[in-house]
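Asker: need a 3D model of the sequence below.
(one chain, ligands or ions: 2)
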Amino acid sequence: MIIVMRKDATEDDLNQILAKIREWGLKANVIRGSERMVVGVIGDEAVIRNKPLEAFPGVEQVMPVLKPYKLVSREWHPESSEVVVGKNHAVKDKAVFGGRRVVVVAGPCSVENRGMLLDMAKTVREAGGRLLRAGAFKPRTSPYAFQGLGLEGLRHLDEARRLTGLPIVTEVLDPRDVELLAETADMMQVGARNMQNFILLKAVGRTECPVLLKRGLANTIEELLMSAEYIMSQGNPNVVLCERGIRTFEKFTRNTVDISAIPVLKRESHLPVIVDPSHGTGHWDLVEPLAMAAVAAGADGVMVEIHPNPEEALSDGPQALLPERFAHMMRALESVARAVGRTL
Ligand code: PEP
Ligand code: MN
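Answerer: Residues are numbered from 1 along each chain as shown. Ligands and ions are numbered 1, 2, ... in the order given. Here you go, the predicted structure:
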């Protein structure tokens, strides 16, 4: 249920309602807009419906939220949200998802070794990328494939952050690692395979660390929004949604990038939306055109994989951009961003 307060409602009016909501065993979420305050009430719909919310002083209107996702919906929060990333003191410029600026996240699929990561971090910085991303813990289809460097990888990421001042994002696979990663990383990625790992979603939701939530290989847009709701329901509002391609019958590409997911997600939710054309296509030569399409369709950012020597990559080599191709993509994105009234 959403309670829209009158323009002239006072703090006392608000506090009176909040106290009652708590007394009824329901949860309240206050949104302070530029014009008026809105209170979202969450809990048993049957209990809420029977309460005389309209009767309270300062209340203008009470509306039900019809969508199954509440906190992530635009009904609930009409203004677009911004998610700020870069809490670590070594970060020079915080990245803001959901603003006018299109945010580019880039890095190698995995942290393979110290030298390569530092080298790629500099490449990201020099080409204008805003965040460095690399996996220390890797979810691999085969148990015999490279699983990531683990804690050693995190140490290299920390060094890369100190060297470049870029915020770092890395994937969390295990709820037991959430506390550590929420401390060390500036943003945690929940990968496609874990989009419906509800224990993990709740665990990252109990932190304040921004979460990059990727759409599952075979999940609907509504399911992605429900997973974001899991995170937000635990108190963490810092969620960025990522379209990374879904599995279809098409074989030329690793997945099919669902461009229509961008405007649908932007319409349904106030959360920022980014696109990963690397996993979305699986081929380096398709990354730039799909990145351009994503920005043209209204994405708030793009996430791509890069590698100095893709033939020797320990994971996802075929989709990795060489540094000079990454720089080329950045120039292409700059023009598209300008054409749609944004900057890079
Ligand atoms: C990744 O980002 O490297 C990754 C494994 O992605 P996804 O979860 O989208 O497959
Ligand atoms: Mn990858």
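Asker: what is the mean pLDDT for the helix or strand encompassing residue 39?
Answerer: With elements taken from DSSP states H and E, the one containing residue 39 is strand 37-42. Averaging pLDDT along strand 37-42 yields 86.
Asker: for the protein, which residue gets nearest to ligand 2?
Answerer: Nearest to ligand 2 in the chain, going by C-beta to the ion, is residue 109, at a distance of 3.3 Å. C-beta coordinates here come from the backbone N, C-alpha and C atoms, glycine included.
Asker: so for the closest residue to that residue other than its chain neighbours, what's the pLDDT?
Answerer: Counting by C-beta to C-beta, 6 or more residues apart in numbering, residue 109 lies nearest to residue 316, which is 3.9 Å off, once chain neighbours are set aside. Looking at residue 316, its pLDDT is 96.
Asker: gap between residue 316 and residue 15?
Answerer: The gap separating residue 316 from residue 15 is 52 Å, by C-beta to C-beta, to the nearest Å.
Asker: the more surrounded of these two?
Answerer: Neighbours per residue, other C-beta atoms under 10 Å: of residue 316 and residue 15, the larger number sits with residue 316, 20 against 10.
Asker: and for residue 199, the neighbour number?
Answerer: Per other C-beta under 10 Å, the neighbour tally for residue 199 reads 11.
Asker: distance check, it against ligand 1.
Answerer: For residue 199, the distance to ligand 1 (C-beta to the nearest ligand atom, to the nearest Å) stands at 17 Å.
Asker: for the helix or strand containing that residue, name the packing helices and strands.
Answerer: Here residue 199, judged by DSSP H and E, is contained in helix 198-205. Judged by 3 or more C-beta pairs under 8 Å, 6 or more residues apart in numbering; DSSP states H and E, helix 198-205 is in contact with helix 178-184, strand 187-190, helix 221-233.
Asker: try it again at 10 Å.
Answerer: Judged by 3 or more C-beta pairs under 10 Å, 6 or more residues apart in numbering; DSSP states H and E, the packing partners of helix 198-205 are helix 178-184, strand 187-190, strand 211-214, helix 221-233, strand 239-243.
Asker: start and end of stretch 230-249, how far apart?
Answerer: Between the opening and closing residues of stretch 230-249 there is a gap of 30 Å (C-alpha to C-alpha, to the nearest Å).
Asker: go on, stretch 176-193?
Answerer: Stretch 176-193 end-to-end distance (C-alpha to C-alpha) = 17 Å.
Asker: how about that stretch, does it reach ligand 1?
Answerer: Yes. Counting by C-beta under 6 Å from any ligand atom, ligand 1 has neighbours in stretch 176-193: 191, 192, 193.
Asker: swap in stretch 284-293?
Answerer: No. Counting by C-beta under 6 Å from any ligand atom, ligand 1 is not contacted by stretch 284-293; separation bottoms out at 13.3 Å.
Asker: buried set for that stretch?
Answerer: For stretch 284-293, the neighbour count (16 or more other C-beta atoms under 10 Å) marks 284, 286, 287, 288, 290, 291, 292, 293 as buried.
Asker: for stretch 99-112, same thing?
Answerer: Across stretch 99-112, burial judged by 16+ other C-beta under 10 Å covers 99, 101-112.
Asker: thank you, goodbye.
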